[in-house]
Each structure stands twice: as C-alpha cells, then as structure tokens.
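*Asks:* make a model of this:
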Amino acid sequence: MDLEELISSSCRRKIIKYLAENGPTNIMRLVLGTRGKYPRINSELQILQRENIVVDQHKDRMRIIKLNKESPNAVLVIQALKVLNSGKTKKPLFFQPVIHESKQSLKVQ
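*Replies:* Numbering: from 1, shown residues only. Down below sits the predicted model:
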C-alpha cells in the first residue's frame, strides 16, 4: 500500500495521531479517544499492522496498541501527517468573488 492510500482514511489518521500523542494504549481507550466504533478501529488496525505501522502486545487479557517507531513505514507516515497538519491555518481563507461586467463570469481572486 502506498503512502497516499495509507493516509487517505480519516480513521487511520486518527489512530496514528492518537497513538503519537498518547503513546501505547489499550483498544478500548483507542476507540474512545478516536471517537470511533470498535469494528472499524479494529479493521483499520489490521491494515496498519500489515504495513508495520503499529504493533500490538497482549498483557494478560489486555491488548496494548503502539506505534512501531523503528519501522521506516511508520516514521514516513508520521512525518507525512506532521507536514499535512502544519499546513492547516487557523485563519479562515476568504475569497472575494469579482464579477467582470464585460464577460459576465464569476472569477475568484
């Protein structure tokens, strides 16, 4: 799976972001923290595990999920998400529509 396809899912982005900000966690905290549904989170985790982005460990009856920071794929995805998030501006973008009388068309400046 290529990088674009991997981060195209908002659910996968939320999982990666949550794990990057909060560290290792159990599956139910991940579900609550991302405001997702268990079946969806679990299926997205399976994709992330196949791509070696996350790993899970079983401690007694608890499943702990964490980012695999030694994986080149995980490092690449985390860097890509940082770049994407750094481009977000807190100021709204305003576009001024200008109507040119000669062409009667709407242009955005």
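
*Asks:* give me the most central residue, this structure.
*Replies:* By CA atoms, centre = their mean, the chain has its centre lying nearest to residue 13, at 1.2 Å.

*Asks:* isn't it right up against residue 7?
*Replies:* Yes. Residue 13 lies in contact with residue 7 (CB atoms under 8 Å); the separation is 5.8 Å. Glycine gets a C-beta too; all of them are placed from N, C-alpha and C.

*Asks:* residues shared between the contacts of those two?
*Replies:* Shared contacts of residue 13 and residue 7 (CB atoms under 8 Å, 6 or more residues apart in numbering): residue 81.

*Asks:* okay, residue 93: pLDDT?
*Replies:* Confidence at residue 93, expressed as pLDDT, is 40.

*Asks:* which of the residues in the top helix by length along the chain are buried?
*Replies:* Looking across the chain with DSSP state H, the single longest helix is helix 72-86. Buried residues in helix 72-86, counting neighbours by 16 or more other CB atoms under 10 Å, are found at 74, 77, 78, 80, 81.

*Asks:* contacting residues around that helix?
*Replies:* Under CB under 8 Å, 6+ apart, the answer for helix 72-86 is 3, 6-7, 13, 16-17, 20, 51-54, 67-69.

*Asks:* with just CA atoms, put that helix into CSV.
*Replies:* C-alpha atoms of helix 72-86 as CSV (Å, rounded to 0.1, in the frame of the first residue of the first chain):
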residue,chain,number,x,y,z
PRO,A,72,10.6,3.1,8.2
ASN,A,73,6.9,3.0,7.1
ALA,A,74,5.8,4.3,10.5
VAL,A,75,8.4,7.1,10.5
LEU,A,76,7.3,8.1,7.0
VAL,A,77,3.6,8.2,7.8
ILE,A,78,4.2,10.2,11.0
GLN,A,79,6.3,12.7,9.1
ALA,A,80,3.7,13.0,6.3
LEU,A,81,0.9,13.7,8.8
LYS,A,82,3.0,16.3,10.6
VAL,A,83,3.5,18.1,7.2
LEU,A,84,-0.1,17.9,6.4
ASN,A,85,-1.2,19.2,9.8
SER,A,86,1.4,22.0,9.7
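
*Asks:* how far is that helix from where the chain is centred?
*Replies:* Taking CA atoms, centre = their mean, to the nearest Å, one finds the center of helix 72-86 at 9 Å from the center of the full chain.
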